[in-house]
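Student: Below are the sequence and a predicted model for it; my questions follow.
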Amino acid sequence: MRIAVLLSAGLHPVSGAPVLPRIEAQAIRMGAGLGEVSDLFGLHAGPDAAAIAEALGQGLPRIEHVAVAAGDDPVPALAERLAACAPDIVLAGRRSQGGEESGLVPYALARTLSLPLVSDVVAAAAEDGALRLDQSLGRGALRRVRVQGPVVVTCHSDAPAPLAYAYGRARRGTVAALAAAAAAIPAPAVAVEERPYRRRPKVVKGAPTGGSAAERLKAATGESGAAASGRLLIQPDPEDAAREILAYLRQIGVLAAPAAPKT
Amino acid sequence: MSRPRRDPRAERAAHLTVGQGPRPRYDRTRRATGSGRLRRDPRAEREAQRVGGGARPRFDLSQVGRPMGEAVTAAPRAAPVAEAPKTVVVETPAFLVAVVPDAPGGRLSGHDRQVIGAARALAGREGAVAVIVDGDCEGLGAAGADRVLRLDGAEGYDPGGRAARVEAALAALDARHALFPESLDGGDCARRVAVSLGEALFTNAEVVAAKGLVRPARGRRVEQSLAPPRLATVAADAVAEYGGPPREARALPFEGSAPAETAKGIVSATRIPADPATVPLSLAEFVVSAGNGLTDLDTFRQVAAALHATPGASRVLCDAGLMPRHSQVGASGTVLAATCYFALGISGAPQHLQGVAGCEHVVAVNTDLHAAMIERAGLAVVQDAQAVMPALLRRLAEEAEQATAGGTS
Ligand SMILES: Cc1cc2nc3c(=O)[nH]c(=O)nc-3n(C[C@H](O)[C@H](O)[C@H](O)COP(=O)(O)OP(=O)(O)OC[C@H]3O[C@@H](n4cnc5c(N)ncnc54)[C@H](O)[C@@H]3O)c2cc1C
Ligand SMILES: Nc1ncnc2c1ncn2[C@@H]1O[C@H](COP(=O)(O)O)[C@@H](O)[C@H]1O
């Protein structure tokens, strides 16, 4: 099985130094853990290969680097290379780190290569010819998808933690530079205006719109809503208490209704 | 400070002598009372400090020096007149703002409502918000939808097919803007639609206004703003929900001549619900928690299993080694994001309540009426948790028995 891991040139969110995004290191681990992998390699399109050499130490034996000028769209170059080597699985992160962070590259690639895309995968396993992917649905729920044939997979941050960095492996690995044959296409420029980030208060759930600061404080400390209009049962019979509790849990929808007796 | 405050104007007015020409004249030698000071009337002062009209007298001791003032009675808050809120109708909208909510299980999530609120802000008075839903969905008008476009809900996992249907609906609506929630499913759908339309997508917007959208970039070191683009996704908990009167939510006709494009390659998809016993506490939906008031932890574990809840504990039990450390709820344990928290025998120390601050519903069982947990709870039961737990188990077992008995007969 041939697996390509897409590596972007990430920047550290605090220091701004070049770094391999954690999610792509997790993708590398996911690929390496698939078993019977004949060829696992990283693929990067960008002006500089030095930024992604760190990925060798995370478990990649080799990296292919397609030279693309800074500011150009990496998708055509990546698509061309992937079409040429036809990997069975293309692994990518769900968002890059340090750039636009739009997460559009895997989708654009899947579209160009007309491959199915399964997003936000936390675990992958090969299963008699097919691929079993566990997709995160949030709150610990999963969707188990079986896929036949080549597929683009984006990795979710709940996936297993990346492998430890190994210096020896980083020394042994190789970075192969490839020339891009595809015509350079500048990325579609969107006239955005940039300024330093300003932290904004999160919306307080349960506070009325346009309410006063006191109301927002009440909502934030949980004194409004359910708590303010709460019911208090003093020394009820335990059986009554149990009935009330179950009714309340069902009313808010965290407990399934009792299976209705079929008649 | 029991000395009453002087009122120079009133004193001067008291010295005014009446009559005698056009100019006011004052008799500075006249005294209101015997001594130089005004005489205090403690009873009147006390009476002036009385607040409210309740049966039990309450005094506001911070009010001083108003000896003659009338008692301050809190004006009874005008109870909101329960007039039927009028439905707002936009008859001929100047433009449409489309919203594609996740609406899991036919109900809008909080995030969905925020996105509709954002769309409402974009639409303003002239525009209309058109919500594109899969199958049926409730509560759209109250959330701020002017129009509703219903797609035929497809069974199974087919994100490509859904994106194609949404794309067709957007083309049919000719919407000026389309907003998606930046959630797992919504973000996926938005990117598929954007790539398929070949248009730019403004992701993860944190501010949505008619002036422009703002999103963080480069690891939140800069923010980018743009005049409202055609396609955008909206971050969670960044934009307020729509708070105005209900909207019309008029159904729009739409014949979904969606391309019957099956997702090639995807053989099967099954949903695996989170296993409450193993799901990390921070992700759990429903947490049942034990505190120092419980002695019978075996029964507690049975209750947690029977309610399909994730077990948690207060620090006291974790320190004592009675519950695993990873089940500790609170400031030095896990901060929950659960929908419901069920506390058994927990006093509700501030460090513990911090972990529960995000929970929407709290149920508490405690023998102490004055415990902080009882105050925080939406349903509070002052009773021995040791007695309530077996009662809960009995009731659940009874219900299960009835269901199976009914099913076999
Ligand atoms: C720095 C710091 C960090 C901390 N972090 C945390 C944290 O992360 N999480 C945490 O939980 N605590 C934390 N604590 C500890 C916290 O302050 C409290 O000590 C702890 O939460 C109390 O736990 P409890 O409510 O289970 O016990 P108690 O305070 O002993 O309360 C027991 C309650 O059970 C009731 N009760 C007794 N018998 C029964 C019965 N038969 N039926 C029903 N109710 C009964 C009692 O009325 C009482 O209200 C922290 C403390 C410090 C100093
Ligand atoms: N220039 C690039 N070369 C290779 N892979 C990339 C490149 N840019 C992005 N990717 C991949 O696409 C994912 C999402 O990136 P983005 O769309 O930029 O958020 C990243 O996690 C990478 O796996």
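Tutor: Arrived safely. Here the structure is a predicted model, which means the values were calculated and not measured. Ligands and ions are numbered 1, 2, ... in the order given.

Student: Taking the stretch 301-409 of chain B, what residue is nearest to ligand 1?
Tutor: B:Gly330 (2.2 Å; Cβ to the nearest ligand atom). Where you see a C-beta, it was placed from the backbone N, CA and C, and this is true even at glycine.

Student: Excluding residues flanking it in the chain, which one is nearest that residue?
Tutor: Nearest residue to B:Gly330, sequence neighbours excluded (Cβ to Cβ, 6 or more residues apart in numbering or on different chains): B:Gly355, at 4.0 Å.

Student: For the most centrally placed residue in chain B, what are phi and psi?
Tutor: Of all residues in chain B, the one closest to the mean position by Cα atoms, centre = their mean is B:Glu360, 7.6 Å from it. Here is the backbone geometry of B:Glu360 (degrees, to the nearest 10): phi -80, psi -40.

Student: Thought B:Leu336 was touching it, still the case?
Tutor: No: taking contacts as Cβ atoms under 8 Å, B:Glu360 lies outside contact range of B:Leu336: 10.5 Å.

Student: quick one: buried residues of stretch B:237-249?
Tutor: By 16 or more other Cβ atoms under 10 Å in any protein chain shown, the buried positions in stretch B:237-249 come out as B:Ala238, B:Val239, B:Ala240, B:Glu241, B:Tyr242, B:Pro246, B:Arg247, B:Glu248, B:Ala249.

Student: Just the pLDDT at the residue nearest to the centre of chain B, thanks.
Tutor: B:Glu360 is assigned 81 on the pLDDT scale.

Student: Return the helix or strand in chain B with minimum mean pLDDT.
Tutor: strand B:50-51 (a mean of 78; mean pLDDT, DSSP states H and E).

Student: Quickly run through the sheet partners of the helix or strand just after it, with directions.
Tutor: Downstream of strand B:50-51, the next assigned helix or strand under DSSP states H and E is strand B:58-59. Sheet pairing of strand B:58-59 (DSSP bridges) gives strand B:50-51 (antiparallel).

Student: can you give me how far the partner strand is from the chain middle?
Tutor: With Cα atoms, centre = their mean, to the nearest Å as the basis, strand B:50-51 stands 35 Å off its chain's centre.

Student: for stretch A:246-262, same thing?
Tutor: 34 Å.

Student: in it, what's buried?
Tutor: Quick answer for stretch A:246-262 (16+ other Cβ under 10 Å): A:Leu246, A:Tyr248, A:Leu249, A:Ile252, A:Val254, A:Leu255, A:Pro258.

Student: now what about that stretch, what contacts it?
Tutor: Applying Cβ atoms under 8 Å, 6 or more residues apart in numbering or on different chains, the contact partners of stretch A:246-262 are B:285-286, B:307-309, B:339-340, B:342, B:360-361, B:363, B:378-379, B:392, B:395-396, B:399-400, B:402-407.

Student: residues touching B:Asp384, list them.
Tutor: A:Pro238, B:Thr367.

Student: and with 6 Å instead?
Tutor: B:Asp384 makes contact with B:Thr367, according to Cβ atoms under 6 Å, 6 or more residues apart in numbering or on different chains.

Student: go on, the one 3 residues further on?
Tutor: For B:Ala387, the contacting residues are A:Pro238, by Cβ under 6 Å, 6+ apart.

Student: is it true that it lies in a helix?
Tutor: Yes: counting by DSSP: H, G, I helix; E, B strand; the rest coil, B:Ala387 is part of a helix.
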